[in-house]
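Participant: Sequence plus the predicted model coming up.
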Amino acid sequence: SDSVEATVTARTDAVQSVMTSLRDRDLIDGWRDELYPVSNGFYNDPVFLMERAAVSLLGVMEYGVHINGLCGDKMWIARRSATKSKFPGMLDHMVAGGQPAGLSLEENVVKECMEEAGVPE
C-alpha cells in the first residue's frame with residue numbers, strides 16, 4: 001500500500017542521512033550508491049533500504065549470488081583484486097555479487113556475470 005511504501009521510504013531516508021554523515025566523517029569506506037534491502041528474511045518485504053557499504057557494519061544480513069565455473073573435473077577459481085575493500089587478494093567465486101534492492105536473482109546473476117566475467121546475456 002502507499003502508506004507502507006511511504007514508511008519504507010521515510011525509514012530509508014532517515015537511515016541514509018545517518019550513513020551519509022558517517023561516510024562524510026570517513027567512518028564508512030567503499031561507498032557504492034547501491035541500496036540493499038533490510039528485512040527479517042530474504043523473501044520478506046524490506047523494512048528500509050541501506051547503502052551497501054554500511055550493511056556489514058551494523059550486522060545486517062547480506063544476500064548475494066555466487067557462480068562457480070566447472071569444466072570437466074576442473075573448477076575455475078578467481079582471485080579478488082588487491083584493491084577490493086573486502087577480502088583483498090583472497091580466492092573467490094568466478095562471479096559473485098551482493099543482492100541489491102530492485103533486481104531479481106536472475107537479473108542480478110546476468111548483471112554480475114557481465115560485470116565480473118564478461119559473460120554476455
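Facilitator: In hand now; what should we look at? Residues are numbered from 1 along each chain as shown.
Participant: after the lengthiest helix in the chain comes which helix or strand?
Facilitator: Looking across the chain with DSSP state H, the single longest helix is helix 2-24. Secondary structure here is assigned by DSSP states H and E; on that basis, the next helix or strand after helix 2-24 toward the C-terminus is strand 35-38.
Participant: Point out the other helices and strands that that following strand packs with.
Facilitator: Applying 3 or more C-beta pairs under 8 Å, 6 or more residues apart in numbering; DSSP states H and E, one finds that strand 35-38 makes contact with strand 48-51, helix 52-55. The way it works is simple: take the backbone N, C-alpha and C, and place the C-beta from them, glycine included.
Participant: which residues touch the residue nearest to residue 34 when sequence neighbours are not counted?
Facilitator: The shortest distance from residue 34 to any residue that is not its chain neighbour, by C-beta to C-beta, 6 or more residues apart in numbering, is 4.3 Å, and that residue is residue 52. For residue 52, the residues meeting the contact criterion (C-beta atoms under 8 Å, 6 or more residues apart in numbering) are 32, 34-36, 98, 100.
Participant: Done for today, thanks.
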